[in-house]
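1. structure of the sequence below:
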Amino acid sequence: MKESTKQLLARAADVLEAAEILLTNGKAEIAAGRAYYAMFYVAEALLNEKGFQFGKHGNVLAAYGQHFAKTKVLDPKYHRWLITAFDQRQIGDYGLNPDIQSEVVVEIINQAQEFLDTAGRYFESQ
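-> Prediction:
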């Protein structure tokens, strides 16, 4: 595994931990953003290992869909989760009155953890 891929996975784990701390401290809208970034870094790690690097979120989401979801290398649900988490991050970061419920953030955090765990198993099998 490339060193940069390892760094992206470590970053994903770190921001996922931050999301849990933020949620515990009543900052659901900010926690949603951190949980999204955990998923985003996992997607970047997977793409990085195939030699792809992108500068925009939309490009990462699209490339992940093309190379992992459509091909069913990994369950397409992770692509749906990534897109949904991106939408929640947009609300949390840019909404004037973000109203993201804690239950929604718990779900995103759980999904991010599953995505990270699945990516780990994927890399181990390669």
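
2. so which bits of the one helix or strand in the chain whose mean pLDDT sits lowest are buried?
-> Least confident element among the helices and strands of the chain, by mean pLDDT, DSSP states H and E: helix 77-94 (a mean of 92). Using 16 or more other CB atoms under 10 Å as the test for burial, helix 77-94 gives 78-79, 81-86, 88-89, 91-92. C-betas here are computed from N, CA, C, even on glycine.

3. can you name the element that comes right after that helix?
-> Using DSSP states H and E, the helix or strand that follows helix 77-94 in sequence is helix 102-125.

4. show me what that next one is packed up against.
-> helix 3-24, helix 28-49, helix 77-94 (3 or more CB pairs under 8 Å, 6 or more residues apart in numbering; DSSP states H and E).

5. what about Phe54, distance to Leu47?
-> For Phe54, the distance to Leu47 (CB to CB, to the nearest Å) stands at 7 Å.

6. ok, the two, which is more surrounded?
-> Applying other CB atoms under 10 Å to Phe54 and Leu47 shows that Leu47 carries more neighbours, namely 21 against 16.
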